[in-house]
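Visitor: what would the 3D arrangement of this be:
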Amino acid sequence: MKPVILDTNFILSCVKQKIDFFREISEKGWEILIPKQVVEEIKSIENSTKKLHHRQTAKLAVVILENNKFKEIDLKTKNVDKGIIKYTQEHPQLIVATLDKEIKDKIRNSKLVIRGKKKLEIQ
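Guide: Numbers count the residues shown, from 1 in each chain. I've put the predicted structure just below:
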């Protein structure tokens, strides 16, 4: 079972575009890893004073996370992007679900991205 690590932007974009990322990733037989720092980041967006649609997307993301199974990992850093980059260097077999250009540019791992606003694809 290949592990897939999800970042905040990936989760929120899937929620906004109504992509059932839990189902799609699970159907491929992959294990979903979500850093606790990502969960915390999504919860902080939900409770922030940002635009209403950002808060609503984050709120729905929290509900989706609570209703699905995944392995929560600890990146042991407050900076989520740097933590994901470091974690992927330690786990080269890991697939990284991200839309973040900085992360994509700094890692050698396979990347899971959103294509055409509706489907997930490996790069």
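Visitor: use CA for all of it now, contacts and neighbours both
Guide: OK.
Visitor: what's the spacing between residue 90 and residue 107?
Guide: Computed as CA to CA, to the nearest Å, the residue 90 to residue 107 distance reads 11 Å.
Visitor: kindly report the same for residue 114.
Guide: Relative to residue 107, residue 114 is positioned 18 Å away (CA to CA).
Visitor: the more surrounded of those two?
Guide: Between residue 114 and residue 107, counted using other CA atoms under 10 Å, residue 114 has the larger neighbour count: 20 against 16.
Visitor: ok, the more buried one - contacts?
Guide: Counting by CA atoms under 8 Å, 6 or more residues apart in numbering, residue 114 touches 14, 99, 120-121.
Visitor: state the mean pLDDT of the top helix by length along the chain.
Guide: The helix that spans the most residues within the chain, counting by DSSP state H, is helix 52-66. The pLDDT scores in helix 52-66 average 92.
Visitor: work out the gap between it and the centre of the chain.
Guide: Averaging C-alpha positions (CA atoms, centre = their mean, to the nearest Å) puts helix 52-66 13 Å from its chain's average.
Visitor: who touches it?
Guide: By CA under 8 Å, 6+ apart, helix 52-66 touches 11-12, 15-16, 39, 42-43, 45-48.
Visitor: from the contact counts, what lies against the host helix or strand of residue 33?
Guide: Assessed by DSSP states H and E, residue 33 sits inside strand 31-35. Contacts defined by 3 or more CA pairs under 8 Å, 6 or more residues apart in numbering; DSSP states H and E place strand 31-35 against strand 3-6, helix 21-27, strand 71-73.
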